[in-house]
Structure formats: structure tokens, C-alpha cells
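Enquirer: below are the sequence and a predicted model for it; my questions follow.
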Amino acid sequence: MDYSLPNAKSADSPDEREKLKRIIIARNLCGLANDTKWNELIDAMRVRQGWTPRFRFKCIDAPPSSWDREWFYHLPFPMLSIEWFDLEYLEETTIHRLPPGVEVTDHSEWIVELLKRIGLDFQKGRSVIRIFGYSPKNFDPFEP
């Protein structure tokens, strides 16, 4: 882990983690992930060469984010805030020939293997893998 980069515990203010813990208690949420598991996922994506999945997330106190691919600074730190975290595992590559086309590469195999090794709770959908930060599991919006 590169300690100069934000990690799962990084927060904008010292009171932020305490505020999140109050929300978790008020919503009666049960944690399914922890900082160690989130850091393992982040580190694996940061060192990966070539393609990395786009992601979106829903924090326990906010609506879902838009899709992003930047794994260094655009994550919802601290990761304690994550209700669910989606990874898009299909890569579309435009084929520049006649006729033009699109080639789709399915990266789910290595992503599922990584998530199992880390011990994160997840569900695979048609094009997205949802990682659950808390139970009860939130499937909105998700296509199983």
C-alpha cells in the first residue's frame, strides 16, 4: 500500500467517521466489508496494468454516484460510507475496420476471483458486479 495515496480510512474531517457511525446505527445496518478488505480491492485496481473497471457507488447518506474509472482520488473516502459498490466488468473496444464493430471482453472471471480472495460479499449481474458494504443488501438499481 502506498501511504501517500488516500486509503479506506481517509476522511475529510476527524468527525466524518463518527457521523457515519451514527447513520449506520440509526439505519440498523450490519457491516459486510471493512477497511482492510476495501484497501485490498483499491490496491489491486491501482496496480493493475491495462484495463480497470468503471465503478459507481452508493453511500449510506447520499444518492448513487455516476460512473467513474479513476481509482486513486475519486473513491468515496472513507470507505466506511459505502452501502454498495458496483464494478462494470464488460470492456467494449471499437474495431476500426470495415464494417466497424465493437468487441466485448468479459473481465468477470478475474474480478470474481479477486473478490472471493479478499472476502467481499458480492452479487454478479448481467454487466455489473455489486459489492455490498452493509446488510440488508440494497439491490436498487441492479440487474441480476
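Expert: Everything's here; your move.

Enquirer: hmm, what's the outermost residue in this structure?
Expert: Centroid-distance maximum for the chain: Leu98 at 36.8 Å, with CA atoms, centre = their mean.

Enquirer: so that residue belongs to a helix, correct?
Expert: No. Read with DSSP: H, G, I helix; E, B strand; the rest coil, Leu98 is coil and lies in no helix.

Enquirer: helices or strands up against the helix or strand hosting Phe85?
Expert: Per DSSP states H and E, Phe85 falls inside strand 82-88. Counting contacts by 3 or more CB pairs under 8 Å, 6 or more residues apart in numbering; DSSP states H and E, strand 82-88 packs against strand 55-59, strand 128-132. For the C-beta atoms, the positions are set from N, CA and C on the backbone; glycine is no exception.

Enquirer: go again using 10 Å as the cut-off
Expert: Packed against strand 82-88, as judged by 3 or more CB pairs under 10 Å, 6 or more residues apart in numbering; DSSP states H and E, are the following elements: helix 35-47, strand 55-59, helix 108-118, strand 122-124, strand 128-132, strand 134-135.

Enquirer: and stretch 30-41, end to end?
Expert: Using CA to CA, to the nearest Å, the gap from the first to the last residue of stretch 30-41 comes to 20 Å.

Enquirer: give the buried residues for that stretch.
Expert: Within stretch 30-41, the residues that count as buried by 16 or more other CB atoms under 10 Å are 32-33, 37-41.

Enquirer: do the same with stretch 83-95
Expert: For stretch 83-95, burial by neighbour count (16+ other CB under 10 Å) applies to 83-89.

Enquirer: who's in contact with stretch 11-18?
Expert: Defining contact as CB atoms under 10 Å, 6 or more residues apart in numbering, one finds that stretch 11-18 is touched by 9-10, 19-20, 77-81.

Enquirer: the closest residue to Asp61 other than its chain neighbours: what's it in contact with?
Expert: Excluding its sequence neighbours, the residue lying closest to Asp61 (CB to CB, 6 or more residues apart in numbering) is Ile23, at 5.4 Å. Neighbour list for Ile23: 29, 59-61, 80-81 [criterion: CB under 10 Å, 6+ apart].

Enquirer: which SSE is Ile23 in?
Expert: helix 16-26.

Enquirer: what angle separates that helix from strand 55-59?
Expert: Going by axes from the mean of the first three to the mean of the last three CA atoms, to 10 degrees, helix 16-26 is angled at 70 degrees with respect to strand 55-59.
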